[in-house]
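Visitor: with the input below, show me the fold.
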Amino acid sequence: MSNRKYTMDGAAADKTLKNVFQACNLKVTERSLQDLKKNQNKEHISMIVLMMVALAACIVIFLVPFYLYSSPANVTQVGKNSTTLVVESHHEDKGVFYLTLSGGEIDYSGIRLVKADGSENNILSFDAATSTIAFTYTEEDLNIYIPQDTGATLHLLLSPKK
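Guide: Numbering: from 1, shown residues only. Now for the predicted structure:
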């Protein structure tokens, strides 16, 4: 068996195709084979452009959360210098939640813990040297208000994992 590939020039292929259509009583297309190939190439290029635009949009959508993410909580007050309070660490141990902060002068006597029902709890202890606050936590939503000596207040919401 021979592995030769038959080739035909475009004009002969176009004429043969028109003869086949006439023999089958089908309407002959007015467009030549070269025109069909040109249109196919144009469609192929436009498909590649659309795929590149879609890829660029996906990359932008993926990167937007990284641009918007901000780690420290900024506490600012109009007319005052802004300070940044950062939650350095937190953990729970036997119903007591420990919250360690850094970055500002904290007014420990003004710290308020407000439950979802509006009732207030007091903190158990605070360590000014390490900026650690300890309070009881009963696995419910809790608003934590931490005032600074500058008059600004950091508001944190502590919610249990569900």
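
Visitor: now do the SS call for A57.
Guide: Secondary structure state of A57, per DSSP: H, G, I helix; E, B strand; the rest coil, is helix.

Visitor: could you find the closest non-adjacent residue to H91?
Guide: Sequence neighbours aside, Y98 is the residue nearest to H91 in space, at 5.5 Å (criterion: C-beta to C-beta, 6 or more residues apart in numbering). All C-beta spots, glycine's among them, are computed from the backbone N, C-alpha and C.

Visitor: quick one: mean pLDDT for the host helix or strand of that neighbour?
Guide: Following DSSP states H and E, one finds Y98 within strand 96-102. Averaged across strand 96-102, the pLDDT comes to 88.

Visitor: name the residues of it that are buried.
Guide: Burial within strand 96-102, assessed by neighbour count using 16 or more other C-beta atoms under 10 Å, is assigned to 97-101.

Visitor: still on that earlier bit, okay, and the beta partners of the residue nearest to H91?
Guide: Beta-bridge partners of Y98, counted by DSSP bridges, are H91, A134.

Visitor: worst-scoring helix or strand of the protein, pLDDT-wise?
Guide: Taking mean pLDDT, DSSP states H and E as the measure, the chain has strand 73-75 as its least confident helix or strand, at a mean of 51.
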